[in-house]
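[1] Generate a structure from the sequence data that follows.
(one chain, ligands or ions: 1)
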Amino acid sequence: MSASEPDWWRSAAIYQVYVRSFADGDGDGTGDLSGVRTRLPYLAELGVDALWFTPWYVSPLADGGYDVADYRAIDPAFGTLSEAEKLIAEARQLGIRTIVDIVPNHVSDQHVWFRAALAARPGGPERALFHFRRGRGTDGERPPNDWESEFGGPAWTRVPDGEWYLHLFAPEQPDLNWAHPAVRREHEEILRFWFERGVAGVRIDSAALLAKDAYLPDFAPGRDPHPYVDRDELHDIYRSWRAVADEYDGIFVGEVWLPDSERFARYLRPDELHTAFNLSFLACPWDAERLRRTIDETLAEHAPVGAPATWVLCNHDVTRTVTRYGREDTGFDFATKAFGTPTDLGLGTRRARAAALLSLALPGSVYVYQGEELGLPEAEIPRDRIQDPMHFRSGGTDPGRDGCRVPLPWTGAPPAAEPWLPPPADWDAYAADRQAADPDSMLTFYRRALRLRRTEPGFGDGPLTWLPHPSGVLAFARQDGLVCVVNLGADQVALPAHDSVLLTSGPLEGGGLPRDTAAWLRA
Ligand code: NOJ
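    You can find the predicted model right below:
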């Protein structure tokens, strides 16, 4: 996909950069923008079309930067605004576009608006930008309703004057009141601010949670509409965002976790968001029938609105792919994460390579999370080094999300400074410089696959046709005779008729496709 094509986003391979853990330019143990700039050639060689940066703004990092104190400034730990501008321009020169991450549902408790709200009297206009309420009970000692935080515990925190404020995530992340016109105005200005700086797109955090029932009723299971998930008011917000993006040819990718595919597709109508993450594919177990069903449902839900699908195997919130696929339960669910889950990394790695060929061959755009191309496993972080609020708010039972956020191993040499999260002792084996020199490494494999996806016809947006295949196997054709076959069954299978083999995720055996292996063919 050439960077000058207007529909680049319909087929793009997008690499997610978790800035804090990508590359440490100034040697203080934390990744930064100068680190990203020096690694741009690596990203160009990898062959990605765009970079999505998780929040790089000023933040106390109570939730890894998803607690934004200033949406128009870079956190000093990462660099400066002028460095971000340089980075955006340098990447663009290499044909790589930039996507920034906007967090509209909540701000940091250090944001000027929230500080002013705390300093204001109850009922003051500063508080109207958030959801402040009196509590229940004779002294207002109980939260205003029964909502729970996504991180566990009540979604309300009481302030010294007795009022409570709503936070669907951590207490350091007060929810904004999207019924307030100033909130809408401010975010449209933030979008313009970043589009003016040359970004090509915006990822929208928690995109389906912004609007709340004004009465903030108790959560009653099955209540329709839900008091804060997927409310109809959201579509008006995104239509006005779309008008802003259109002025700049910018695109959106929404973080929309919704089980109902018809409701999900509404966000992708032609005057709303361009794309949304396909989180059901990410959570799907390594099972041919279930994957096929997820793929079919995904394509069916996108077709009526004309939006391309996205394919995501992991991100900064979920268990890394090689680990997940090496476990008995190969699906992903926040509720079942636990310490010490037995894992066969050899098996997981084989499957992750096959899954990469599957996702890169499906119609639409695809996301690669930093370190996925190195085959990094989920790290077990010693309890006393864990930082993720999800761990603490679970009462210490959930290992949290730090295991997929460990700084990348660029070389086998010890880093100049202790990384902010400790890399496991054996991670020099995964070092990018070693893998670059190894023809069988995950990195070499990803480079080949991404290069073929770019240079060979048939990939990206467009139709998919299932081919007849035995149970436990997925086989489909794309345009121009491109065929992808994935064997998830117990036995080796014969390859369908073909003229040439473009790439396989592991060695063929006597011309057959072994289990947990995928192939790209040209027929
Ligand atoms: C989704 C982000 O991906 C996650 O990391 C964050 O904790 C929540 N939204 C809250 O912003």
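
[2] burial measure for residue 457, as a count.
    12 (other Cβ atoms under 10 Å). C-beta here means a position set from N, CA and C on the backbone, and glycine is covered the same way.

[3] which stretches of the protein form helices?
    All helices of the chain, identified by DSSP state H, fall at 33-38, 40-46, 81-93, 112-119, 181-196, 233-248, 261-266, 279-283, 288-302, 321-324, 345-361, 389-393, 432-436, 442-455.

[4] Now this protein against the ligand: closest residue?
    residue 66 (3.3 Å; Cβ to the nearest ligand atom).

[5] OK, contacts around that residue?
    54, 55, 59, 103, 106, 169, 173, 205 (Cβ atoms under 8 Å, 6 or more residues apart in numbering).

[6] so which of these comes closest to residue 411?
    Using Cβ to Cβ, residue 54 is the member of the contacts of residue 66 that lies nearest residue 411, at 23.5 Å.

[7] Could you measure from that closest one over to residue 75?
    For residue 54, the distance to residue 75 equals 12 Å [Cβ to Cβ, to the nearest Å].

[8] joint contacts of those two?
    residue 65.

[9] Closest one to residue 423 out of the contacts of residue 66, please.
    residue 54 (18.9 Å).

[10] who's in contact with the residue sitting nearest the centre point of the chain?
    In the chain, the centroid-proximal residue (Cα atoms, centre = their mean) is residue 315; its distance is 4.4 Å. Going by Cβ under 8 Å, 6+ apart, residue 315 touches 16, 277, 282, 367, 369, 404.

[11] Residue 284 versus that one, what's the distance?
    14 Å.

[12] Show me which residues of the chain sit near the ligand.
    63, 66, 103, 169, 205, 206, 255, 316, 317 (Cβ under 6 Å from any ligand atom).

[13] so where is this structure shaky, pLDDT-wise?
    Within the chain, the segments meeting pLDDT under 70 span 1-4.

[14] how's it carved up into domains?
    The chain resolves into domains spanning 112-166, 463-522 when parsed by automatic domain parsing.

[15] okay, the ones you listed in a markdown table with mean neighbour count next?
    Putting the domains of the chain into a markdown table (neighbours: other Cβ atoms under 10 Å) gives the following:
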| stretch | mean neighbour count |
| --- | --- |
| domain 112-166 | 17 |
| domain 463-522 | 17 |
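
[16] And the strands in the stretch 351-500 of the chain, which stretches?
    For the stretch 351-500 of the chain, the strands defined by DSSP state E, counting those that start in this stretch occupy 365-369, 465-466, 473-477, 482-487, 493-494, 500-504.

[17] Save the ones you listed as TSV, and put in distance to residue 301 too.
    Formatted as TSV, the strands of the stretch 351-500 of the chain follow (distance: least, Cβ to Cβ, whole Å):
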stretch	distance to residue 301
strand 365-369	16
strand 465-466	17
strand 473-477	18
strand 482-487	21
strand 493-494	30
strand 500-504	29
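
[18] List the buried residues for stretch 306-315?
    307, 308, 309, 310, 311, 312, 313, 314, 315 (16 or more other Cβ atoms under 10 Å).

[19] whoops, stretch 18-33 was the one
    Quick answer for stretch 18-33 (16+ other Cβ under 10 Å): 18-26, 29-33.

[20] which of the residues you listed sit farthest apart?
    Farthest apart among those - using Cβ to Cβ - are 18 and 26, which lie 17.3 Å from each other.

[21] From the contacts of residue 66, pick the one nearest residue 339.
    residue 169 (22.5 Å).

[22] Go ahead and confirm that closest one touches residue 62.
    No: between residue 169 and residue 62 there is no contact under Cβ atoms under 8 Å: 9.2 Å.

[23] and the two? which has more neighbours close in?
    residue 169 (25 against 18).

[24] tell me the contacts of that one?
    Residue 169 touches 63, 66, 105, 106, 149, 150, 151, 206, 389, counting by Cβ under 8 Å, 6+ apart.

[25] Contact partners for the fourth one?
    Shown in contact with residue 106 (Cβ under 8 Å, 6+ apart): 66, 67, 167, 168, 169, 173, 174, 175, 176, 206.

[26] need the contact list for the closest residue to it other than its chain neighbours.
    Nearest residue to residue 106 in three dimensions, chain neighbours excluded: residue 173, at 4.1 Å (Cβ to Cβ, 6 or more residues apart in numbering). Applying Cβ under 8 Å, 6+ apart, we find residue 173 in contact with 62, 63, 66, 67, 106, 107, 108, 109, 167.

[27] Compute the number of surrounding residues for the last one.
    What that stands for is residue 167. The burial count for residue 167: 26, using other Cβ under 10 Å.
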